[in-house]
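> Need coordinates for the following:
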Amino acid sequence: MSRIDAVLASARAKLTRIEAADVPDAIDRGALLVDIRPAAQRAAEGGVDAALVIERNVLEWRCDPTSDARLPQAVGDDVEWLILCSEGYTSSLAAAALQDLGLHRATDVAGGYQALKATGVLAQLDSRAG
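Below is the predicted model of the structure:
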């Protein structure tokens, strides 16, 4: 096993990952979907109307309720952050980093944007947001 595979496995051991099909219900209960893909990737693949865009390089600062650079949505440790990347790898590492900050409800979307698109959930989310 490569070192990054070991790090990924360790990160995922901290998470209760969410399946793409369960994202709409999670949003309905108040979870915040966060798209961490870089701008070029969002431009190439498409956006997610229901998601906050927080690029990966500033994620911890924006979600940490004790940070001066936090977003208004970062109101406490009980926020449910659903992290989304393209395929569900980087998002696992990012969600684990949020958990390391004490945001224990942070997790990621298994399969990422590609899973939302493949299962039809992306179209469902876009129709709800628009």
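
> which stretches of the chain form strands?
For the chain, the strands defined by DSSP state E cover 32-35, 52-53, 81-84, 107-108.

> Distance to Arg12 and mean pLDDT added to those strands, as JSON lines?
Where you see a C-beta, it was placed from the backbone N, CA and C, and this is true even at glycine. Output for the strands of the chain, formatted as JSON lines (distance: least, Cβ to Cβ, whole Å; pLDDT from 0 to 100):
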{"stretch": "strand 32-35", "distance to Arg12": "17", "mean pLDDT": "98"}
{"stretch": "strand 52-53", "distance to Arg12": "22", "mean pLDDT": "98"}
{"stretch": "strand 81-84", "distance to Arg12": "12", "mean pLDDT": "98"}
{"stretch": "strand 107-108", "distance to Arg12": "9", "mean pLDDT": "98"}
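
> Which one of those strands lies nearest to Leu101?
strand 81-84 (10.3 Å; Cβ to Cβ).

> CA atoms of the closest one as PDB?
Provided in PDB are the C-alpha atoms of strand 81-84 (Å, rounded to 0.1, in the frame of the first residue of the first chain):
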ATOM      1  CA  TRP A  81     -20.200  19.900   6.700                       C
ATOM      2  CA  LEU A  82     -20.500  17.700   3.600                       C
ATOM      3  CA  ILE A  83     -17.300  18.000   1.600                       C
ATOM      4  CA  LEU A  84     -17.400  17.500  -2.200                       C
END
